[in-house]
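1. Compute the structure for the input listed below.
(one chain, ligands or ions: 1)
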Amino acid sequence: MVDLLEIRNIRKSFGNNVVLKDMTFNVPPGAIVGFIGDNGAGKSTTIKTVLGLVSHDTGTVKIFDEENINIHPEKKEMIGVVFDAMNLPAHLTIKQLNNVLKKLYNTWDQNHFYQLIHSFHLPMDKKVNEFSRGMSMKLSIAVALSHHAKLLLLDEATGGLDPSSREEVLEEIINFVKYGDKGVLLSSHIMSDIEKVASHLVFIKEGEVLLSEEKDKVIENYAIVDVHENQLPVLNKNIVVAKRNHGSHFSVLVSDRKELPEGIDSKNFSMDELSVFLTRSEK
Ligand SMILES: Nc1ncnc2c1ncn2[C@@H]1O[C@H](COP(=O)(O)OP(=O)(O)OP(=O)(O)O)[C@@H](O)[C@H]1O
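-> Have a look, this model is predicted:
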């Protein structure tokens, strides 16, 4: 099966500021890709580029194997999007919104929408502009999940949610990919969420991909080792992903712990530690 989303060598600048440099990764069918990077790393710009909301300078974006600029409006319905600040019509109640969305999307699934509204504990009678930030977020997620999308682009979608709402939303995201034909790009700063649901990890820093890998491979094979600078040359260059300098010592992230020379001990790491390591490392 072809990738649902394929981003190849994307470069984007705003004036002299190059914010995406050679960005390359993909979302295969069945995958939940955790998209991770510090504030300003380029996550939202990447997602906006995918949607054609900002133009890119060079590179290609393919959605469902078609260049995103050529994508037919009907196929656009197959993309569900949640941004941090969504603009759903403020003066409508959920029932009224349902009537609008029914006309907007050929594939609108009212039953599923109301099911999600119920399990997200959203009020039917309040207007959207009376919703809290978290409630608005849950509503946006319910909308994105209710038009039979094949690809979900979720930008910080779980950020403002309380722990039990986050769990409900994460369960729905896992449900979304369960038949193996749909995929999700999920940007988040909450590493426990990524750890819970992601099948793939894409870490970026200053518009560049530092690591793009299946999560299980990272957990099974990757390791962080502490070495003296004199020991650096004994490490196989092909397995060195990134390193951090601490004076005469280095912490090194390697992609295959089995390739480590004898006498160099590896340590396990949490997703949080991996995230901090990568964003503070040199390549
Ligand atoms: N419209 C714009 N004009 C100029 N610069 C922009 C614009 N949009 C984004 N940028 C810049 O692009 C860079 C990447 O921003 P982006 O919003 O993609 O980061 P992000 O990874 O989503 O960050 P956060 O985690 O804080 O949401 C930042 O330096 C930002 O200032």
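2. in this protein, which spans are strands?
-> For the chain, the strands defined by DSSP state E occupy 5-14, 17-27, 32-36, 58-63, 66-67, 79-82, 151-155, 183-187, 200-205, 208-214, 223-228, 240-246, 249-254, 266-267.
3. From the rest of the structure, what touches the second one?
-> Residues external to strand 17-27 that are found in contact with it (C-beta atoms under 8 Å, 6 or more residues apart in numbering): 3-13, 33, 42, 45-46, 49, 56, 59, 151, 183-185, 200, 202, 204, 206-209, 212. For the C-beta atoms, the positions are set from N, CA and C on the backbone; glycine is no exception.
4. If any of the residues you listed are buried, put those into a ChimeraX selection.
-> In ChimeraX, this line selects whichever of the contacts of strand 17-27 come out buried by 16 or more other C-beta atoms under 10 Å:
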select :3,4,5,6,7,10,11,12,33,42,45,46,49,56,59,151,183,184,185,200,202,204,207,208,209
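5. just the contacts of strand 17-27 that are near the ligand?
-> G42, T45 (C-beta under 6 Å from any ligand atom).
6. need the contact list for V81.
-> So V81 contacts I47, L51, A144, L152, L153, L154, D155 (C-beta under 8 Å, 6+ apart).
7. what does V240 give?
-> V252, L253, V254, S255.
8. State the distance from the spatially closest residue to the third one that is not a sequence neighbour to Y222.
-> For V254, ignoring the flanking residues on the chain, the nearest one in space by C-beta to C-beta, 6 or more residues apart in numbering is I239 at 4.4 Å. Distance, I239 to Y222, using C-beta to C-beta, to the nearest Å: 9 Å.
9. Give the residues shared as contacts by the two.
-> Counting by C-beta under 8 Å, 6+ apart, the residues touching both I239 and Y222 are V254, S255, D256.
10. Among these, which one has the most neighbours?
-> Most neighbours among those, by other C-beta atoms under 10 Å: V254, with 23 neighbours.
11. Could you chop this structure up by domain?
-> 5-216, 222-279 (automatic domain parsing).
12. what are the bridge partners for V254, then?
-> Beta-bridge partners recorded for V254 (DSSP bridges): A223, V240.
13. That one contacts L232, correct?
-> No. Counting by C-beta atoms under 8 Å, V254 does not reach L232; the two are 11.7 Å apart.
14. And G42, what's its pLDDT?
-> For G42, the model assigns a pLDDT of 96.
15. which residues does the closest residue to it other than its chain neighbours contact?
-> Of all residues not flanking G42 in the chain, G207 sits nearest, at 4.2 Å (C-beta to C-beta, 6+ apart). Counting by C-beta under 8 Å, 6+ apart, G207 touches K12, V18, V19, L20, K21, M23, A41, G42, T45.
16. now, of the domains of the chain, which is deepest in the fold?
-> domain 5-216 (a mean of 18; mean count of other C-beta atoms under 10 Å).
17. Between the shared contacts of I239 and Y222, which sits nearest S136?
-> Closest to S136 out of the shared contacts of I239 and Y222 is S255 (40.2 Å), distances taken as C-beta to C-beta.
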